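Peer 1: The following block contains a protein sequence and its predicted model.
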Amino acid sequence: MVVSAKSSPLSELRIALPSLPLRLQEVGRFVAANDYDATTRSMRDLAAEAGADPAAFTRLAKAIGYSGWDELRAALTEARRPSETSPFSARAKGRRHGPHADVTLITDKLEAEAAGLPRISAHAIADAARALHDANRIWITGYRSCRSVAELLNYELRLFRPEQVQIVGASGPDDLDLGAFRSGEAVIVIGFMPYTNASVRVAQAAYHAGATLIAIADSLAAPMAEGADHVLLFEAASSPGFFPSLTGALAIAQSLAAVTFSLGGAAAKKRLQDTEARLAAASTYVSEKG
């Protein structure tokens, strides 16, 4: 099998996981979570740690199109080489010429943003919102630019569920929160390419804790979406400009909050009214003058 330079063996593995037999899924998740070890340790050592038959690694490799474990391991080794260090400047194009070049760029960007929104799955968001409604606690994380999406979702949800919603790392080191994840809780991870290692660690911690994992991502192959119970996809790369678009992620976040509030019924409305009363008493907003 010849793998193109742009092919990612981890992406291939994650996409194939749902269609694999259960035992191979378990081995596949082990490889995805320990890809460094997969490139440096023997198949027998890996099998012992995973609690699997060494032959399962060969079967896994063949199931996703490789001739055997050695070829898959070679592909994993190649994929770990330093990736492109200019994910944003590589998107930048030369400035257009003409009297209306800037307006044209803005028009193209707005059209691309608008075109991407209808492709977001309303059914997937509704399913994820029901999981949030049922969760005992909701954890939210987004790193770097995705922090803004996480902050917005955190704010909206806390308007009516203040004691049960928290941003990972908001009150201390992230690792303390990762150890606090529990079954019956929901963990929302937001990201797009290039993905942060921190977001992957949060997703893996949620998966191992048995929490409901909700990934808001630009691809099914996103590493923080591996093993997720709900994957909510948005288009990040299709919009022109040097920086990927977060418009879809923001729309998903606000839709999640809206549906979760609706599912909360009278109790959620009462909590929201209590929050509004507290804000009014604190003179949070500028008073309107008649």
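Peer 2: Yes, it's here.

Peer 1: tell me the SS of Asn136?
Peer 2: In three-state terms, and counting by DSSP: H, G, I helix; E, B strand; the rest coil, Asn136 is coil.

Peer 1: Quick check: it touching Phe181?
Peer 2: No - when contacts are counted by Cβ atoms under 8 Å, Asn136 is not listed as touching Phe181 (11.2 Å). Any C-beta I mention is one placed from the backbone N, CA and C, and that applies to glycine too.

Peer 1: So for the two, which sits in the more crowded spot?
Peer 2: Phe181 (21 against 11; other Cβ atoms under 10 Å).

Peer 1: pLDDT below threshold where in this protein?
Peer 2: For the chain, the stretches flagged by pLDDT under 70 are 1-7, 36, 40, 78-85, 289-290.

Peer 1: Please, where are all the strands along it?
Peer 2: Taking DSSP state E to define them, one finds strands in the chain at 138-142, 165-167, 186-191, 212-217, 230-233.

Peer 1: Serialize the ones you listed to TSV and add fields for mean neighbour count.
Peer 2: What follows is these, written out as TSV (neighbours: other Cβ atoms under 10 Å):
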stretch	mean neighbour count
strand 138-142	28
strand 165-167	21
strand 186-191	30
strand 212-217	28
strand 230-233	21
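
Peer 1: want to throw these into JSON lines with distance to Asn154?
Peer 2: Converted to JSON lines, the strands of the chain look like this (distance: least, Cβ to Cβ, whole Å):
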{"stretch": "strand 138-142", "distance to Asn154": "5"}
{"stretch": "strand 165-167", "distance to Asn154": "5"}
{"stretch": "strand 186-191", "distance to Asn154": "9"}
{"stretch": "strand 212-217", "distance to Asn154": "13"}
{"stretch": "strand 230-233", "distance to Asn154": "16"}
